[in-house]
Structures are given as C-alpha cells and as structure tokens.
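> Below are the sequence and a predicted model; questions follow.
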Amino acid sequence: MSLADLHDLLTLLPAAGADYPQEEFVADLLRLDRQPDATASQGHRFELSGSTGRKGGKRLTLFDETGHQHDYFAIRFILE
C-alpha cells in the first residue's frame, strides 16, 4: 500500500491533517524502520519500501539526525 495514500486515509477528517502532519507520519515510519523485529499483536510483520518510489509516484522523504536521507513509498504486511 502506498504510504502517502495511507496518510491521506488517516487524515480524512478536517482536523486530522493538522493533528498528524505528513512530516510527523514519516518520522513515525523511521522509528518503525529502526525496529526491524516489530510485529503486530498476532505476530504479523511489515516491510517498508523505498526503492519502488524512486521510479516515480508519491515518495515520502525524511532526513534523520545525521543527515541521512530515508525514502519511503509503500508498506507490505507479511502474514506468518
């Protein structure tokens, strides 16, 4: 699923966009990306993808505290 589309869905309500700006959403993605063993309550995992977004589309970009660029495009849920 496109992460930009996911953010759009999460912020459909008028005040939601102001309460959860895209920059904060991408910062949350970076925190999740730094925890590769994170799972859902039923043990399902996820993978964040940045490579597909480099070809075009809605890429979300964040520069971390060291200046390293992180690009995110999609999330994939893995049922185990």
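In hand now; what should we look at?
> mind listing what's buried in stretch 3-15?
For stretch 3-15, burial by neighbour count (16 or more other Cβ atoms under 10 Å) applies to Leu3, Ala4, His7, Thr11. Using the backbone N, CA and C atoms, a C-beta is placed for each residue, glycine as well.
> could you dump the residues you listed to CSV with pLDDT and secondary structure?
Shown next, in CSV, are these (pLDDT from 0 to 100; DSSP: H, G, I helix; E, B strand; the rest coil):
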residue, pLDDT, secondary structure
Leu3, 93, helix
Ala4, 92, helix
His7, 93, helix
Thr11, 93, coil
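> Kindly indicate which of these lies nearest Ser41.
Leu3 (21.3 Å; Cβ to Cβ).
> Check the gap between that closest one and Arg76 for me.
11 Å (Cβ to Cβ, to the nearest Å).
> secondary structure class for Leu6?
Assigned with DSSP: H, G, I helix; E, B strand; the rest coil, Leu6 falls in the helix class.
> Leaving out the residues flanking it, which one is nearest to it?
Residue nearest to Leu6 in three dimensions, not counting chain neighbours: Ile75, with 6.8 Å by Cβ to Cβ, 6 or more residues apart in numbering.
> residues touching that neighbour, list them.
When the contact criterion is Cβ atoms under 8 Å, 6 or more residues apart in numbering, the partners of Ile75 are Met1, Leu3, Leu6, Phe46, Glu47, Leu48, Ser49.
> same thing but 7 Å
By Cβ atoms under 7 Å, 6 or more residues apart in numbering, the contact list for Ile75 reads Met1, Leu3, Leu6, Phe46, Leu48.
> Equivalent analysis for Asp64, please.
With Cβ under 7 Å, 6+ apart, Asp64 has these contacts: Leu30, His70.
> show me the biggest helix of the chain in terms of residues.
Scanning the chain for the helix with the most residues, using DSSP state H, yields helix 22-33.
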